[in-house]
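Enquirer: Fold the following, please.
(one chain, ligands or ions: 1)
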Amino acid sequence: MENVVIIGTGCAGLTAAIYTARANLNPLVLTGLMPGGLLTTTSIVENFPGFPEGVDGFELMTRMQKQAEKFGARVKFATVESVKLGQTPFILDVDGDLVEAKTIIIASGAGHKHLGLESEDKLEKKGVTYCATCDGALPMFRNKPLVVVGGGDSACEEALYLTRFGSEVYLIHRRDALRASRIMAERVLGNPKIKPIWDSVVTEVLDVKQDKVTGVRLKNLKSHEERTLDCAGLFVAIGHVPNTQLFKGVIDMDENGYVIPKRGSETNVPGVFVAGDCSDHVYRQAVTAAGLGCAAAIDAERYLASLNS
Ligand code: NAP
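Expert: Next up, the predicted model:
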């Protein structure tokens with residue numbers, strides 16, 4: 001039986017892995033479908049303490065995993081299909097194998113939010129993407145007009161990154177002011193290749209008939225005018241949805257699916273702890289996720305000690 005199973009290998013999961021491994025709990029860490037989490041899809045992380053020159057997101061996560069493994073964490077590329085939390089030990093179905101666990105740390109992170117358009121779904125991977133770092137360099141986007149949707153730090157980061165490849169980058173935002181941090185907003189607004197289009201939303205991605213992105217239909221929310229903008233790619237960066245569907249109905253969560261911790265990292269089920277973006281819709285930073293992973297590890301360790309006392 002496992003002492004601790006950690007679900008997720010983003011900053012929260014791997015920090016929890018480092019701490020529980022150093023506490024000799026021999027944690028089993030399950031990656032899910034995106035080892036390293038969303039940070040592996042960003043380029044340079046400039047705000048993680050200790051890296052004055054910035055650090056590549058993939059490299060940061062690789063180093064965290066190595067650090068956890070050095071202390072005995074077992075990182076396994078596997079997905080949790082279902083969990084039974086109504087009894088102890090808890091039972092996890094991990095790719096068809098049943099795993100018993102005394103404690104679980106949920107660090108399953110969040111995925112990309114979609115616009116919710118039928119044409120968006122149909123053209124995903126055919127010009128519609130949620131990750132500029134992953135897809136921006138593809139030949140289909142080179143020297144072509146590109147569109148980014150969103151007004152937060154992610155959208156700014158995507159737009160700046162895409163200036164390397166696109167002929168111009170249109171930033172479509174539904175309001176007339178960016179939500180992004182000041183430093184990112186200033187970089188975007190000062191970049192001659194980035195052309196903001198304010199107060200506007202994408203109503204349709206063109207062209208489903210051609211089976212590739214050739215443009216977007218835009219609607220101005222103030223004037224209600226509609227128009228078509230030619231582009232070869234649509235990069236959607238409008239926020240995230242927590243990966244918590246597995247725990248619905250058992251673990252307390254808010255209406256958007258974010259797990260609501262009770263005290264520290266404790267959930268409503270004793271022995272199940274939570275950390276990172278799947279429970280944090282306020283800060284959502286690499287460093288806060290790491291801090292929450294540390295807290296969950298300490299809480300799990302204390303819980304296990306209390307079982308033996
Ligand atoms: P975010 O801050 O929640 O911003 C989402 C943006 O998308 C907002 O501008 C929002 O518009 C817009 N939006 C949401 N739903 C929409 C819809 N259905 N249609 C059109 N627009 C929509 O998300 P984020 O940019 O992914 O950032 C998440 C967190 O990660 C933040 O805390 C951010 O600071 C952090 N982050 C930091 C960095 C960095 O420091 N380099 C990089 C990436 C992310 P409204 O503004 O009108 O709500």
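Enquirer: who in the stretch 1-150 of the chain is up against the ligand?
Expert: Residues of the stretch 1-150 of the chain found near the ligand (CB under 6 Å from any ligand atom) are 47, 115, 149-150. (Each C-beta comes from the backbone N, C-alpha and C, glycine too.)
Enquirer: Now the two most distant members of the residues you listed.
Expert: N47 and L115 (27.5 Å; CB to CB).
Enquirer: With neighbour numbers in mind, choose between the two.
Expert: The residue with more neighbours, out of N47 and L115, is L115; 18 against 12, by other CB atoms under 10 Å.
Enquirer: give me every residue that touches the residue lying closest to K248 once chain neighbours are set aside.
Expert: Excluding the flanking residues, the one nearest K248 by CB to CB, 6 or more residues apart in numbering is G257, at 7.5 Å. Neighbour list for G257: 241-242, 244-245, 248 [criterion: CB atoms under 8 Å, 6 or more residues apart in numbering].
Enquirer: Against the ligand, how distant is G257?
Expert: 15 Å (CB to the nearest ligand atom, to the nearest Å).
Enquirer: what do you get for Y258?
Expert: Relative to the ligand, Y258 is positioned 13 Å away (CB to the nearest ligand atom).
Enquirer: Please give me every residue in contact with that residue.
Expert: 242, 244, 278-281.
Enquirer: if we can go back for a sec, in strands only, show me the residues of the stretch 1-150 of the chain next to the ligand.
Expert: V149 (DSSP state E).
Enquirer: Let me have the residues of the stretch 1-150 of the chain next to the ligand in a markdown table, adding pLDDT and distance to S223 as columns.
Expert: Below are those laid out as a markdown table (pLDDT from 0 to 100; distance: CB to CB, whole Å):
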| residue | pLDDT | distance to S223 |
| --- | --- | --- |
| N47 | 87 | 37 |
| L115 | 97 | 21 |
| V149 | 98 | 19 |
| G150 | 98 | 21 |
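Enquirer: ok, of the residues of the stretch 1-150 of the chain next to the ligand, which one's closest to the ligand?
Expert: Closest approach between these and the ligand, by CB to the nearest ligand atom: G150, at 3.8 Å.
Enquirer: How many residues are close by the closest one?
Expert: 25.
Enquirer: shouldn't it be in contact with I238?
Expert: Yes - using CB atoms under 8 Å, G150 is in contact with I238, at 4.5 Å.
Enquirer: circling back to that earlier point, so which one among the contacts of Y258 has the lowest pLDDT?
Expert: Least confident entry in the contacts of Y258, by pLDDT: H281, with 88.
Enquirer: for the closest residue to it other than its chain neighbours, phi and psi?
Expert: Leaving aside its sequence neighbours, H281 sits nearest to Y258 (CB to CB, 6+ apart; 5.1 Å). Main-chain dihedrals, Y258, degrees, to the nearest 10: phi -80, psi 130.
Enquirer: Distance check, Y258 against I7.
Expert: Distance, Y258 to I7, using CB to CB, to the nearest Å: 15 Å.
Enquirer: Just the buried ones from the contacts of G257, in PyMOL syntax?
Expert: Here is the PyMOL command that selects the buried residues among the contacts of G257 (16 or more other CB atoms under 10 Å):
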select buried, resi 241+242+244
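Enquirer: how about the contacts of G257 in JSON lines, adding secondary structure and distance to K212?
Expert: Below are the contacts of G257 laid out as JSON lines (DSSP: H, G, I helix; E, B strand; the rest coil; distance: CB to CB, whole Å):
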{"residue": "V241", "secondary structure": "strand", "distance to K212": "26"}
{"residue": "P242", "secondary structure": "strand", "distance to K212": "31"}
{"residue": "T244", "secondary structure": "coil", "distance to K212": "34"}
{"residue": "Q245", "secondary structure": "helix", "distance to K212": "31"}
{"residue": "K248", "secondary structure": "coil", "distance to K212": "36"}
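Enquirer: residue contacts, the closest residue to the ligand within the chain?
Expert: Distance from the ligand to each residue of the chain (CB to the nearest ligand atom) is smallest for G152, at 2.3 Å. Contacts here follow CB under 8 Å, 6+ apart; on that basis G152 touches 178-180, 237-239.
Enquirer: 7 Å instead?
Expert: 179-180, 239 (CB atoms under 7 Å, 6 or more residues apart in numbering).
Enquirer: Top of the residues you listed by number of neighbours, please.
Expert: Top of these by neighbour count (other CB under 10 Å): A180, with 22 neighbours.
Enquirer: so it touches D153, yeah?
Expert: Yes - using CB atoms under 7 Å, A180 is in contact with D153, at 4.6 Å.
Enquirer: Other residues contacting the lengthiest strand in the chain?
Expert: For the chain, the longest strand by residue count, based on DSSP E, is strand 97-106. If you take CB under 7 Å, 6+ apart as the criterion, strand 97-106 is touched by 1-7, 16, 89-92, 247, 259, 271-275, 278, 296-297, 300, 303-304, 307.
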